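> just the structure for this:
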Amino acid sequence: MGKIKVAAHAPSIDMTPMVDLAFLLVTFFMLTASFRMAEPVVVDPPSSVSDKTLPENTVLITVDHIGRAFFGVGNGEARTNTLAKMSEKYGVKFNADQAKKFGGLSSFGVDIKDLPRYLDATEAERLKFQPQKGVPLDSLNNQLRDWIQISATELNAIYMRNKSKAEETGQEFKGEKPRYAIKADAKAKYIYVKDVFKTFTDMKIYTFNLITSMEGGASVPANEKK
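Presented below is the predicted three-dimensional model:
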């Protein structure tokens, strides 16, 4: 009996499931991603050869070339909670939309009474916002001290909560306690940076990092100072 010859066909792969998966992933990242707003000021810090990086739970004070102080905290939850506490302390009200925008700010440099108007401005308007004179830190109105103190309390609460959860589940805990850092422009006068130093030391914070730029690179390492 003669053999039946089966016609040869090129193998085919149905790409539909893969395409569907790709679109699902793209949609997921679009819906869950949070876009970080642009820095309100760009500083050129002095260079060094250190290669340390700062963790998320860092309170960062930036000083530009004309001496303005900008406050920022890496953890978004601590940032939002700090705004709520500062709102109570200074009697400045923020609506839900303003609080959400503040949660996305990397840093800011305005008096708290001007902060609602600053948050209502567009990103382009914030770069030209007036009066953006820096966060007040003089002896009669040291708002910077309050921002640092409250944010540190919030960061520490988050740290302890995460530590407790890890202990309850028997997992290894790798979190770090709140850290403090100063990022000053290389052209900033020492007296401006000294004012920030004094704010830290008045709060009995004697250990912090000085942010520098990597020599021959664009990374931002930190040198610890005491």
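
> partner strands of the host helix or strand of residue 61 and their direction?
Element membership for residue 61 (DSSP states H and E) is strand 58-63. When sheet partners are counted by DSSP bridges, strand 58-63 sits next to strand 69-73 (antiparallel), strand 179-184 (parallel).

> how far is that strand from where the chain is centred?
Taking C-alpha atoms, centre = their mean, to the nearest Å, one finds the center of strand 58-63 at 9 Å from the center of the full chain.

> so which bits of that strand are buried?
58-63 (16 or more other C-beta atoms under 10 Å). Quick note: C-beta positions are derived from backbone N, CA and C, even for glycine.

> residues in contact with stretch 118-138?
Contacting residues not belonging to stretch 118-138 are listed as 37-38, 40, 64, 67-71, 94, 98, 101-102, 105, 108-111, 114, 142-145, 147, 195-196, 199 [C-beta atoms under 8 Å, 6 or more residues apart in numbering].

> got the end-to-end distance for it?
21 Å (C-alpha to C-alpha, to the nearest Å).

> contacting residues around the closest residue to residue 147 other than its chain neighbours?
Closest residue to residue 147 apart from its sequence neighbours, by C-beta to C-beta, 6 or more residues apart in numbering: residue 71 at 4.7 Å. Residues near residue 71 by C-beta under 8 Å, 6+ apart: 59-61, 107-109, 135, 144, 147-148.

> show me what contacts the residue lying closest to residue 208 once chain neighbours are set aside?
Leaving aside its sequence neighbours, residue 208 sits nearest to residue 180 (C-beta to C-beta, 6+ apart; 3.9 Å). Residue 180 makes contact with 58-59, 61, 148, 152, 200, 205, 207-209 under the criterion C-beta under 8 Å, 6+ apart.

> understood, closing this out.
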